[in-house]
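1. Provide a 3D model corresponding to the input given below.
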Amino acid sequence: QVQLVESGGGLVQPGGSLRLSCVASGSIASINDMAWYRQAPGKQRELVATASSGGTTSYAASAKGRFTISRDNAKNTVYLQMNSLKPEDTAVYYCNVRGVRAVPYYLFDQWGQGTQVTVSS
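-> Alright, predicted model coming up:
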């Protein structure tokens, strides 16, 4: 089994910052892509940012210039630094990790439990 534990969500004022973390644990042989998604009330889940094992990152247009995704491969951890937060960033944020589970070896595609981010004055 592979487990993801997210942390770092909370209430922040517009213009503020938050840093989300997601740690993957379990029998992991390797991790490929790590990503952050979000889902606002009444809306579909949307991709926010991705980070490949090779270091390539990509962002949704709404996140570009304000959010930064990074990963610590030694700790199987992905971060999302969110700056200049806006009320429309309010959502539940989920991390998603894809990789190879160890013994037996097979692909996994795991989601975190979600962490609430609320941007409000």
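
2. contact partners for the residue most central in space within the chain?
-> Closest residue to the average C-alpha location of the chain: residue 36 at 2.9 Å, with C-alpha atoms, centre = their mean. When contacts are counted by C-beta atoms under 8 Å, 6 or more residues apart in numbering, residue 36 is found next to 20, 22, 47-50, 69, 78, 80, 93-96. C-beta coordinates here come from the backbone N, C-alpha and C atoms, glycine included.

3. drop anything exposed from those.
-> In terms of neighbour count (16 or more other C-beta atoms under 10 Å), the buried residues within these are 20, 22, 48-50, 69, 78, 80, 93-96.

4. distance to residue 12, secondary structure and pLDDT added to those, as CSV?
-> Listed next are these as CSV, based on distance: C-beta to C-beta, whole Å; DSSP: H, G, I helix; E, B strand; the rest coil; pLDDT from 0 to 100:
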residue, distance to residue 12, secondary structure, pLDDT
20, 12, strand, 98
22, 18, strand, 98
48, 16, strand, 98
49, 18, strand, 98
50, 23, strand, 98
69, 18, strand, 98
78, 20, strand, 98
80, 13, strand, 98
93, 13, strand, 98
94, 18, strand, 98
95, 19, strand, 98
96, 23, strand, 98
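
5. for those, which one is nearest residue 60?
-> Nearest to residue 60 among these, counting by C-beta to C-beta, is residue 48 at 5.5 Å.

6. give the contact list for the closest one.
-> Here residue 48 is in contact with 35-38, 59-60, 62-63, 67, 69, 80, 93 (criterion: C-beta under 8 Å, 6+ apart).
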